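K.L.:
Sequence and predicted structure are below.
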Amino acid sequence: MKPKLLTLLLIFPVFMFACNQKAAVKNTTANSTPEVKKGVVPVADKEIAVIEMENPAYGTIKIEFYSNIAPQAVARFKELAREGTFDGTGFHRINDSVIQGGDPFSKDSDPTNDGTGGTNKPNVPAELSDIQYDTGIVGAARSQDFNSANSQFFITLRRQPAFDNRYTIFGKVIEGMSNAQIIGGAPVVPQTERPQEPIKIKTVKIEMKL
């Protein structure tokens, strides 16, 4: 997969997100918006993701999945987690609205390529829904092409109406939201959203919900 910039534009979002079997994507070009599945209530999977950070100060974040909303995005996240792809990656983009991670390039010592990578697996098509981007929503990062999600994901730290109906939602933080907020408030390199010090994920494990 060719490296590409995967990011979120907080005012005019043109990168990322989701759909479902009842709302199949008919338009697949980068400049067309896929159909949005409407009126669907998220149903949490029996499995959750447990993100343990390397720095104990950042703690643990637990995420529930919505396979009834975005089955392909959920399947990809679980697959990568079980393969250890996320272990050692960092949250490479942070601010008071969102934290973004999941880029394998963030494992290396070059912070300038963070946010441009993905895996060699096929990209995941959009699975858009009309669920609102409230605090703690987990979305799939993408490029300008709606159908280009791969490995990167993000967590919203507050309501983000500009993201609604444009990015795949596949889960939500159910524990450790305060830790995500702490990550979002970490010092950044001036004039960027890159953390001054690496904020690394130790492990991402898929576990049964208790």
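P.N.:
Nice, I can see it. As the structure is a computational prediction, the values presented were derived from the model and not from experiment. Residues are numbered from 1 along each chain as shown.

K.L.:
Can you check my assumption that residue 162 lies in a helix?
P.N.:
Yes - if the criterion is DSSP: H, G, I helix; E, B strand; the rest coil, then residue 162 is within a helix.

K.L.:
do you know how far it is from residue 59?
P.N.:
Using Cβ to Cβ, to the nearest Å, residue 162 is found at 28 Å from residue 59. (C-beta placed from N, C-alpha, C; glycine too.)

K.L.:
mind checking pLDDT for the most centrally placed residue in the chain?
P.N.:
In the chain, the residue lying closest to the centroid (Cα atoms, centre = their mean) is residue 153, at 1.6 Å. The model reports residue 153 with a pLDDT of 98.

K.L.:
got a list of what the residue lying closest to it once chain neighbours are set aside touches?
P.N.:
Spatial nearest neighbour of residue 153, excluding adjacent residues (Cβ to Cβ, 6 or more residues apart in numbering): residue 102 at 4.7 Å. Residues in contact with residue 102 (Cβ atoms under 8 Å, 6 or more residues apart in numbering) are 80, 86, 89, 141, 151-153.

K.L.:
cool, and residue 82?
P.N.:
Neighbour list for residue 82: residue 206 [criterion: Cβ under 8 Å, 6+ apart].

K.L.:
if I look at it, how far off is residue 104?
P.N.:
Per Cβ to Cβ, residue 82 is found 15 Å from residue 104.

K.L.:
Residue 69 too?
P.N.:
Taken as Cβ to Cβ, the span from residue 69 to residue 104 is 26 Å.

K.L.:
Among these two, which residue is more densely surrounded?
P.N.:
Each of residue 69 and residue 104 has its neighbours counted (other Cβ atoms under 10 Å); residue 69 has more, 24 against 19.
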